[in-house]
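Visitor: Sequence first, then the predicted structure, then my questions.
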Amino acid sequence: MNIKRAKQEIKDAVDAYFLKDEYGDYEIPTVRQRPILLLGAPGIGKTQIMEQIARECGIGLVAYTITHHTRQSAIGLPFITEKEYGGRKMAVTEYTMSEIVASIFDKMERTGLEEGILFIDEINCVSETLAPAMLQFLQCKTFGSHQIPQGWIIVAAGNPPEYNKSVREFDVVTMDRVKKIQVEPDFGVWKEYAAQVHIHSAILSYLNLRPQYFYHMENTVDGRCFATPRGWEDLSRLLEVYEKLGKQVDKEVAGQYLQHERIARDFSNYLELYYKYERDYRIQEILAGRIQEDLLKKIGHAPFDERVSVTGLLLSGCTRQFRKLHQQERFVERLFGNLKEVGKVLKEDERAGAASWELLDKMQVETEELREKKKEAGLLDREEEHELLRLSETLSTYGNVLKKEVPEDGNRAFDRLRELFQTERDCYEKLFHDCKECLEHAFDFMEAAFGDSQEMVIFLTELNTDRAAAAFLQEYACERYDRYNQRLLFEKCDREILEEIRTLS
């Protein structure tokens with residue numbers, strides 16, 4: 001199955017394992033809560049989905065790469081204690097608590113999360129001395145003599161033997177005690193994820209043209225050469241930073257992430273052309289509504305790779321605007337919720353005006369505490385953290401304004417807050433207008449350059465997979481989007497069905 005389905009399977013298992021009956025007991029007893037074993041090629045996102053699952057389910061996550069551990073750190077160190085057997089005192093060997101089990105209790109104490117996932121990566125690549133402990137861990141949910149706390153489920157990941165010489169195959173007895181999920185690379189699913197995490201548009205355009213390089217593993221005389229989704233994502237982050245620094249990603253730099261010389265060279269050549277197309281076609285001018293006839297003639301005679309690249313550049317410009325709007329919308333909603341609470345207090349007590357800044361200061365402290373708590377628990381992604389930081393700064397600014405002006409009563413204080421809040425509303429309205437103009441101008445060019453073409457299908461498909469774009473299009477009734485989306489995507493679906501029927505026959 002693909003990584004998206006695997007993620008949903010694990011989330012479903014979390015829901016099932018943590019469901020309790022009317023007496024507070026787990027519907028599936030702990031002994032029957034099978035550990036989940038993810039098996040799949042390296043770099044396809046097995047590790048990454050665990051953080052997403054923990055955040056989305058609101059549970060704890062403790063993650064270990066087991067190959068970094070010795071037998072002692074996994075099961076604990078021996079020490080001698082004294083016990084009495086049959087009336088005689090005997091020296092007995094016991095073990096200190098496993099570092100891994102102890103870290104679960106530490107996580108529970110720090111975050112207050114009583115339920116979570118213990119994730120063990122590279123579980124089938126352990127050393128010979130640790131292998132028996134791993135079998136015991138999967139079969140009995142213990143490290144040494146220490147039980148995994150109730151309410152914590154086990155998810156383990158490993159690579160098939162063809163990708164790692166150190167792999168140890170589990171026997172039937174062990175495999176019969178786990179919930180095995182086999183994961184395969186899937187470019188279509190990865191594109192949905194790529195839209196959410198803002199993978200660089202040059203990489204998306206390149207892989208749309210050469211999807212066979214999304215995941216590519218090849219044995220050569222010089223060893224194994226490969227390109228993986230993890231490599232593409234890490235290269236995307238570097239590309240963004242290099243653009244800010246004015247640096248260039250060439251074949252040597254690309255090859256540090258795409259460890260396949262031919263693919264690294266091909267991508268670096270494509271990247272040069274991509275930047276050239278951005279300059280030659282004056283993408284920002286197109287999105288501002290200035291379309292020149294010479295550009296339409298140029299794109300009309302351009303090869304398919306160039307046409308797809310220009311489509312990708314237009315998409316990139318649009319989605320940047322959509323994401324700014326989406327971030328502002330989320331922030332405005334969150335800020336409004338806070339100010340609404342302040343407004344209730346101010347309206348109930350007219351004398352609260354002079355001390356209204358104290359309410360905002362208190363709310364700002366609570367926001368900071370929430371951010372720290374969620375960050376400690378691992379339930380905070382970068383986008384939400386930036387949102388909470390901005391909220392904290394804004395509440396502090398509003399509080400300082402009220403402290404300086406000292407409104408006469410609660411109503412005056414609330415009116416002043418509404419004036420301050422209107423600035424953020426105006427910013428949202430401007431961004432919404434900019435998005436509307438940007439999208440309409442993009443359609444102007446796409447219609448004039450491509451009409452009902454494969455490029456238009458790509459443009460619509462990518463819009464539909466971007467979360468911020470989809471949110472904007474729910475609010476803005478774009479006639480051309482609806483028209484092309486209905487006609488072209490249905491035609492594409494019909495063609496795919498017919499092709500599948502021909503293949504089967």
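Guide: On my side now, so go ahead.
Visitor: For stretch 168-181, what does the pLDDT average out to?
Guide: For stretch 168-181, mean pLDDT rounds to 81.
Visitor: Please state the offset of it from the chain centre?
Guide: A distance of 29 Å separates the centroid of the chain from that of stretch 168-181, by C-alpha atoms, centre = their mean, to the nearest Å.
Visitor: and that stretch, which residues are buried?
Guide: Within stretch 168-181, the residues scored as buried using 16 or more other C-beta atoms under 10 Å are Arg168, Phe170, Thr174, Arg177, Val178, Lys179, Ile181. The C-beta positions use only the backbone N, C-alpha and C, and glycine is treated the same way.
Visitor: pLDDT wise, what is Glu184 at?
Guide: pLDDT recorded at Glu184 is 88.
Visitor: again, but for Ala354
Guide: Listed pLDDT for Ala354 reads 62.
Visitor: Tell me which stretches of the stretch 1-150 of the chain form helices.
Guide: Using DSSP state H, counting those that start in this stretch, the helices of the stretch 1-150 of the chain run over 3-17, 48-57, 71-75, 99-111, 131-140.
Visitor: Rebuild those helices as a markdown table, extending it with distance to Ala194, mean pLDDT and mean neighbour count.
Guide: Output for those, formatted as a markdown table (distance: least, C-beta to C-beta, whole Å; pLDDT from 0 to 100; neighbours: other C-beta atoms under 10 Å):
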| stretch | distance to Ala194 | mean pLDDT | mean neighbour count |
| --- | --- | --- | --- |
| helix 3-17 | 12 | 91 | 17 |
| helix 48-57 | 12 | 88 | 18 |
| helix 71-75 | 36 | 70 | 19 |
| helix 99-111 | 30 | 87 | 17 |
| helix 131-140 | 33 | 78 | 17 |
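Visitor: ok, now which residue in the chain is the farthest from the centroid?
Guide: What lies farthest from the middle of the chain is Gly87; by C-alpha atoms, centre = their mean that is 60.4 Å.
Visitor: for the record, mean pLDDT for the longest helix seen in the chain?
Guide: Secondary structure of the chain per DSSP state H: the longest helix is helix 304-348. Across helix 304-348, pLDDT averages out at 90.
Visitor: which residues are in contact with stretch 8-27?
Guide: Contacts to stretch 8-27, defined as C-beta atoms under 8 Å, 6 or more residues apart in numbering, come from residues 1, 28, 33, 36, 49, 53, 56-57, 59, 115, 117, 150-151, 153, 155, 179, 181.
Visitor: how does it look with 7 Å?
Guide: Contact with stretch 8-27 is made by Ile28, Gln33, Ile36, Ile53, Glu56, Cys57, Ile59, Glu115, Ile153, Val155, Lys179, Ile181, as judged by C-beta atoms under 7 Å, 6 or more residues apart in numbering.
Visitor: From the residues you listed, pick the one nearest Leu360.
Guide: Closest approach between the contacts of stretch 8-27 and Leu360, by C-beta to C-beta: Glu56, at 31.2 Å.
Visitor: quick one: the closest one from Lys374, how far?
Guide: Distance of Glu56 to Lys374, given as C-beta to C-beta, to the nearest Å: 13 Å.
Visitor: pLDDT weak spots in this protein?
Guide: Along the chain, the model assigns pLDDT under 70 to residues 68-71, 73, 162-166, 349-354, 488-505.
Visitor: so what are the domain limits for it?
Guide: As given by automatic domain parsing, the domain ranges for the chain are 3-74+102-184, 186-280, 324-421.
Visitor: so which of those domains comes closest to Met456?
Guide: Across these, Met456 has its closest neighbour in domain 186-280 (13.8 Å, C-beta to C-beta).
Visitor: Can you get me a residue count around the residue nearest to Tyr17 when sequence neighbours are not counted?
Guide: Leaving aside its chain neighbours, Tyr17 sits nearest to Gln33 (4.7 Å; criterion: C-beta to C-beta, 6 or more residues apart in numbering). Neighbours of Gln33 under the rule other C-beta atoms under 10 Å: 19.
Visitor: again, but for Glu84
Guide: 9.
Visitor: ok, back up a step: out of the helices of the stretch 1-150 of the chain, the one nearest Val241 is which?
Guide: helix 48-57 (19.7 Å).
Visitor: What lies in contact with that closest one?
Guide: Helix 48-57 is contacted from outside by 3, 6-7, 10-11, 14, 60-61, 63, 116-117, 119, 155, 378-379, 381, using C-beta under 7 Å, 6+ apart.
Visitor: Just want the angle from it to helix 3-17.
Guide: Here the directions of helix 48-57 and helix 3-17 differ by 50 degrees (axes from the mean of the first three to the mean of the last three C-alpha atoms, to 10 degrees).
Visitor: before we move on, back to that, relative to Glu51, how far out is the residue nearest to Tyr17?
Guide: Distance, Gln33 to Glu51, using C-beta to C-beta: 21 Å.
Visitor: Same question for Leu325.
Guide: 26 Å.
Visitor: What is the neighbour count of the closest residue to Leu417 other than its chain neighbours?
Guide: Distances taken as C-beta to C-beta, 6+ apart put Leu339 closest to Leu417, at 5.6 Å, once the chain neighbours are dropped. Residues near Leu339, counting by other C-beta under 10 Å, number 21.
Visitor: May I ask you to confirm that Leu339 is in contact with Glu419?
Guide: No: contact criterion C-beta atoms under 7 Å: Leu339 and Glu419 do not qualify, at 11.4 Å.
Visitor: And for Phe119, the neighbour number?
Guide: Neighbours around Phe119, by other C-beta under 10 Å: 25.
Visitor: and the strand or helix carrying Arg412, what other elements does it pack with?
Guide: Secondary structure from DSSP states H and E places Arg412 in helix 410-449. Applying 3 or more C-beta pairs under 7 Å, 6 or more residues apart in numbering; DSSP states H and E, we find helix 410-449 packed against helix 283-287, helix 293-300, helix 304-348, helix 382-405, helix 454-465.
Visitor: residues contacting Thr257?
Guide: Just to correct that, residue 257 is Tyr rather than Thr. By C-beta under 7 Å, 6+ apart, the contact set of Tyr257 is Gly231, Asp234, Leu235.
Visitor: circling back: in strands, which of the buried residues of stretch 168-181 appear?
Guide: Judged by DSSP state E, strands contain the following of the buried residues of stretch 168-181: Lys179, Ile181.
Visitor: Would you mind putting the buried residues of stretch 168-181 into a markdown table with distance to Glu82 alongside?
Guide: Shown next, in a markdown table, are those (distance: C-beta to C-beta, whole Å):
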| residue | distance to Glu82 |
| --- | --- |
| Arg168 | 38 |
| Phe170 | 38 |
| Thr174 | 36 |
| Arg177 | 36 |
| Val178 | 39 |
| Lys179 | 42 |
| Ile181 | 46 |
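Visitor: Any idea how many residues pack against Lys430?
Guide: Residues near Lys430, counting by other C-beta under 10 Å, number 12.
Visitor: That one and Gln321, how far apart?
Guide: Taking C-beta to C-beta as the measure, Lys430 falls 11 Å from Gln321.
Visitor: could I get the helices of the stretch 1-150 of the chain as JSON lines with distance to Asp250?
Guide: Shown next, in JSON lines, are these (distance: least, C-beta to C-beta, whole Å):
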{"stretch": "helix 3-17", "distance to Asp250": "30"}
{"stretch": "helix 48-57", "distance to Asp250": "27"}
{"stretch": "helix 71-75", "distance to Asp250": "42"}
{"stretch": "helix 99-111", "distance to Asp250": "42"}
{"stretch": "helix 131-140", "distance to Asp250": "43"}
